[in-house]
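Participant: Here is a sequence with its predicted model. Questions after.
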Amino acid sequence: MDLGAFSISLAVKDLAASKDFYEKLGFESVGGDPQQNWLILRNGDHVIGLFQGMFEGNILTFNPGWDQAGSELDSFTDVRRLQHKLKERGIALNSEADESTPGPASLMLSDPDGNQILIDQHR
């Protein structure tokens, strides 16, 4: 099951302090909007999203339709098909994609330890 590009979305207390810290580890800002309290940082193929005041806890994020550089893929597994496969495998979902619509959609689930997983398709 190809879930797409992987990143971790971190719930941070101070966006500027977190940005400074991760830049010292070699990450560079490649997207986001500090005025809206979020940034995307990259170090090679490693991607971290920093989000201040947007959600509680950290989230494992997968983006169908994107490669690790955030470029669109010609071929990918739609989030609705992934949702169907997850349900077939007996995985409970916290939120679901609307299967009656095409295009951008997302779903959420939790692993056995309560870690949140977001599958977020942007196209």
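Facilitator: All right, it came through fine.

Participant: which stretches of the chain form helices?
Facilitator: Along the chain, counting by DSSP state H, helices occupy 15-24, 79-88.

Participant: could those go into CSV alongside mean pLDDT?
Facilitator: Shown next, in CSV, are the helices of the chain (pLDDT from 0 to 100):
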stretch, mean pLDDT
helix 15-24, 98
helix 79-88, 98
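
Participant: Quickly compare these and say which is most buried.
Facilitator: Mean neighbour count (mean count of other CB atoms under 10 Å) peaks for helix 79-88 among the helices of the chain, with a mean of 16. C-beta here means a position set from N, CA and C on the backbone, and glycine is covered the same way.

Participant: what's that helix packed up against?
Facilitator: Packed against helix 79-88 by the contact rule (3 or more CB pairs under 8 Å, 6 or more residues apart in numbering; DSSP states H and E) you find strand 105-110, strand 116-121.

Participant: circling back to that earlier point, please convert the helices of the chain to a markdown table, extending it with distance to Gly44.
Facilitator: Supplementary listing: the helices of the chain in a markdown table, determined by distance: least, CB to CB, whole Å:
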| stretch | distance to Gly44 |
| --- | --- |
| helix 15-24 | 13 |
| helix 79-88 | 26 |
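
Participant: Can you tell me which of those helices is nearest to Gln68?
Facilitator: Evaluated over the helices of the chain, closeness to Gln68 peaks at helix 15-24, with 16.8 Å, by CB to CB.

Participant: helices or strands up against the closest one?
Facilitator: Where contact means 3+ CB pairs under 8 Å, 6+ apart, helix 15-24 is packed against strand 38-43, strand 46-52.

Participant: if we can go back for a sec, out of the helices of the chain, which gets nearest to Ser9?
Facilitator: The minimum distance between Ser9 and the helices of the chain falls on helix 15-24, with 12.0 Å, by CB to CB.
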